[in-house]
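S.K.: Here is a sequence together with a model predicted from it:
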Amino acid sequence: MPITTTTPAQFTADTVADIYRRMLVGNELAPHFRSEVSVTKPRVLPLIDGDANLLQTSVDNPRIGTNDSGAVLISPKLLAVNEAMVFTSINVDDWRADFPEFQPSGNMLDLTLDGEVSGAVMDIIHNRVESQIADNLIQGDTATSSTLKFTDGLLKKIDADADVIDVANAGVITTTNILAILESCAQAIPTTIRKRANVKFFMSYGTEDIANEANRSTQQNNTLLNTGDVSRVFNKYPIVPLESIPADRIVVAIGDTSKTSNLVQGFWFQNDAANFMMYKEAMGDKDWAIIFRFLMGMQYRTGKEIVNYLGT
């Protein structure tokens with residue numbers, strides 16, 4: 001009787017692109033955070049001080065540090081990424097009868113799986129991984145041992161940044177204080193960015209529900225308005241609910257996919273045999289292991305243009 005071996009199956013290039021788009025660049029943060037790709041080491045984000053005035057007195061022979069500003073205005077902020085891994089398994093026998101692509105092909109000494117299998121498997125797991133990645137990018141803390149340990153997220157970084165504008169703590173967010181808290185956040189937005197269309201209020205879905213209920217009970221329809229392109233706005237600023245934002249937290253920042261976005265997420269992974277594959281751990285196994293390694297991280301350009309509320 002012949003001995004059956006298996007050949008590791010690399011994910012196809014199309015599947016790699018799809019996973020990258022849906023799980024990393026395609027997470028819930030994608031419309032509001034600029035995505036930097038192929039980040040294998042800290043990436044420099046150009047930063048101009050939020051208080052800087054670039055218009056200066058014209059001189060014939062300008063020198064750094066001798067003009068009106070007295071300092072170099074453009075400086076670096078580093079976007080660092082940390083490694084994480086998806087590792088699970090699937091028994092193709094469970095799928096063999098209904099899905100031909102799950103039938104191993106090749107001779108008895110060299111079995112392989114059809115490339116469509118990798119795409120089908122990712123359809124099964126992508127929703128769970130997508131939300132876990134977004135949670136890490138927002139709430140992550142590498143000092144913990146929890147499922148949020150894979151990167152230092154946005155909230156950890158802004159809480160430790162003295163430049164971030166912290167709104168006075170009015171307590172846990174309720175229907176009785178939410179409108180006043182939103183107004184305090186709006187008033188705290190720096191004048192240099194108040195006219196920007198991409199300034200957004202980020203909060204949890206629960207906090208958005210509280211704001212809607214407060215608005216209905218007080219009939220302040222001129223405060224929270226329905227519009228055609230966004231679900232809600234407060235004093236012209238879009239309200240963006242995110243699953244990854246915890247309750248009693250509001251963050252106001254410039255957020256979109258352009259280079260002007262203050263919020264940036266970074267990723268890397270490579271389709272090679274060490275990082276992205278399906279294989280059997282032993283010849284007699286029915287289960288196929290599925291693995292891909294990737295790097296992810298979160299950063300923002302300047303704390304001076306972020307308003308932060310944390311109710312306790």
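M.R.: That came in fine, so what should we check first? All figures in this text were calculated on a predicted structure; none of them were measured in a lab.
S.K.: For R196, which non-adjacent residue is closest in space?
M.R.: I254 (5.9 Å; CB to CB, 6 or more residues apart in numbering). For the C-beta atoms, the positions are set from N, CA and C on the backbone; glycine is no exception.
S.K.: next one: D93
M.R.: Per CB to CB, 6+ apart, closest to D93 is K286, 5.7 Å.
S.K.: in this structure, which spans are helices?
M.R.: 13-19, 116-139, 154-159, 178-188, 205-218 (DSSP state H).
S.K.: Please identify which of those is closest to E28.
M.R.: When the helices of the chain are compared by CB to CB, helix 116-139 sits nearest E28, at 5.2 Å.
S.K.: List the contacts of the nearest residue to L179 once chain neighbours are set aside.
M.R.: Using CB to CB, 6+ apart and skipping the chain neighbours, the partner closest in space to L179 is A214 (5.4 Å). Going by CB atoms under 8 Å, 6 or more residues apart in numbering, A214 touches 175-176, 178-179.
S.K.: now, which of the residues you listed sits nearest E101?
M.R.: Ranked by distance to E101 (CB to CB), those are led by I178 at 50.4 Å.
S.K.: Enumerate every residue touching the closest one.
M.R.: Contacts of I178 (CB under 8 Å, 6+ apart): 207, 210-211, 214.
S.K.: Adding distance to H32, write the residues you listed out as JSON lines.
M.R.: Formatted as JSON lines, these follow (distance: CB to CB, whole Å):
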{"residue": "T207", "distance to H32": "16"}
{"residue": "I210", "distance to H32": "21"}
{"residue": "A211", "distance to H32": "18"}
{"residue": "A214", "distance to H32": "24"}
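S.K.: okay if I get these as a markdown table plus pLDDT?
M.R.: Listed next are those as a markdown table, based on pLDDT from 0 to 100:
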| residue | pLDDT |
| --- | --- |
| T207 | 96 |
| I210 | 93 |
| A211 | 89 |
| A214 | 86 |
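S.K.: show me where the stretch 151-300 of the chain has strands.
M.R.: 165-166, 199-203, 224-225, 232-234, 237-241, 249-254, 263-268, 276-279, 287-300 (DSSP state E, counting those that start in this stretch).
S.K.: I'd like the distance from the residue nearest to Q56 when sequence neighbours are not counted to S58, if you could.
M.R.: Nearest non-adjacent residue to Q56, counting by CB to CB, 6+ apart: D68, 4.0 Å away. To S58, D68 is 10 Å away according to CB to CB, to the nearest Å.
S.K.: More neighbours: which of those two?
M.R.: D68 (10 against 7; other CB atoms under 10 Å).
S.K.: just to revisit the earlier point, apply the buried test to the contacts of A214 and list what passes.
M.R.: Neighbour counting by 16 or more other CB atoms under 10 Å classes 175, 178-179 among those as buried.
S.K.: burial of G266, as a residue count?
M.R.: G266 has 26 nearby residues by other CB under 10 Å.
S.K.: Run through the residues that contact it.
M.R.: For G266, the contacting residues are 35-37, 39, 43, 79-81, 295-299, by CB under 8 Å, 6+ apart.
S.K.: repeat that for 6 Å
M.R.: Residues near G266 by CB atoms under 6 Å, 6 or more residues apart in numbering: 36, 39, 79, 81, 297.
S.K.: measure the first one to I48 for me?
M.R.: In this structure, E36 and I48 are separated by 18 Å, where distance is defined by CB to CB.
S.K.: likewise the fourth one?
M.R.: Remark: distance between V81 and I48 (CB to CB) = 24 Å.
S.K.: neighbour count winner among these two?
M.R.: Legend: neighbour count by other CB under 10 Å for V81 and I48, higher for V81 (23 against 12).
S.K.: Distance check, the more buried one against S131.
M.R.: From V81 to S131 the distance is 19 Å (CB to CB).
S.K.: How about H32?
M.R.: 16 Å.
S.K.: if you count what's nearby, which of these two comes out ahead?
M.R.: Legend: neighbour count by other CB under 10 Å for H32 and S131, higher for H32 (20 against 15).
S.K.: Please verify my assumption that the more buried one contacts A253.
M.R.: No: counting by CB atoms under 6 Å, H32 does not reach A253; the two are 8.8 Å apart.
S.K.: for stretch 285-299, the distance to its chain's centre please.
M.R.: 18 Å (CA atoms, centre = their mean, to the nearest Å).
S.K.: tell me which residues form a beta bridge with I250?
M.R.: Under the criterion DSSP bridges, I250 forms beta bridges with M203, Y309.
S.K.: List the contacts of it.
M.R.: Here I250 is in contact with 185, 203, 309 (CB under 6 Å, 6+ apart).
S.K.: Apply 8 Å and report the result again.
M.R.: I250 neighbours (CB under 8 Å, 6+ apart): 167, 173, 181-182, 185, 201-203, 207, 307-309.
S.K.: How much space separates it from V307?
M.R.: In terms of CB to CB, I250 sits 8 Å off from V307.
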